[in-house]
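Enquirer: Quick one, what's the 3D model for this:
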Amino acid sequence: MGGRTRTISDHDESGPEALQELLLDVDRVADSHRWRHGDPANEPIARIDRDTYLPKPGVTPLMVAAAENKVAG
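Expert: Residues are numbered from 1 along each chain as shown. Okay, here's the model as predicted:
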């Protein structure tokens, strides 16, 4: 704005929660997982735990829980 820029960092999820939510929304809309890894339908199940913290098309909550070794209690 007016020739000035501003940068906000979210290194190691240290940024404001609203910024973290915005970044995830941008990933969802841009389908950035497909950019990084190709078609998620062809991705091996063994890779599912590597980036489940990001929006990943086709990944269900059950798949995330299994990847993170979470058991409902």
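Enquirer: For the biggest helix by length in the chain, the averaged confidence score.
Expert: Determined from DSSP state H, the single longest helix within the chain is helix 17-30. For helix 17-30, the mean pLDDT works out to 85.
Enquirer: Mind listing what's buried along it?
Expert: Of all the residues in helix 17-30, those buried under the rule 16 or more other C-beta atoms under 10 Å are 23, 27. (C-beta placed from N, C-alpha, C; glycine too.)
Enquirer: roughly how far is the helix or strand following that helix from the heart of the chain?
Expert: Following helix 17-30 in sequence order, the next helix or strand is helix 32-37 (DSSP states H and E). Centroid separation between helix 32-37 and its chain, computed with C-alpha atoms, centre = their mean, to the nearest Å, is 10 Å.
Enquirer: okay, now residue 34: neighbour count?
Expert: By other C-beta atoms under 10 Å, 13 other residues sit near residue 34.
Enquirer: Okay, it and residue 21: tell me how far apart.
Expert: Distance of residue 34 to residue 21, given as C-beta to C-beta, to the nearest Å: 21 Å.
Enquirer: returning to what we had before: roughly how far is the longest helix of the chain from the heart of the chain?
Expert: So, by C-alpha atoms, centre = their mean, the centroid of helix 17-30 is 8 Å from its chain's centroid.
Enquirer: okay, now the closest residue to residue 19 other than its chain neighbours: neighbour count?
Expert: Counting by C-beta to C-beta, 6 or more residues apart in numbering, residue 19 lies nearest to residue 10, which is 5.5 Å off, once chain neighbours are set aside. Residues lying near residue 10 (other C-beta under 10 Å) number 12.
Enquirer: quick one, what contacts residue 10?
Expert: 19-20, 23 (C-beta atoms under 8 Å, 6 or more residues apart in numbering).
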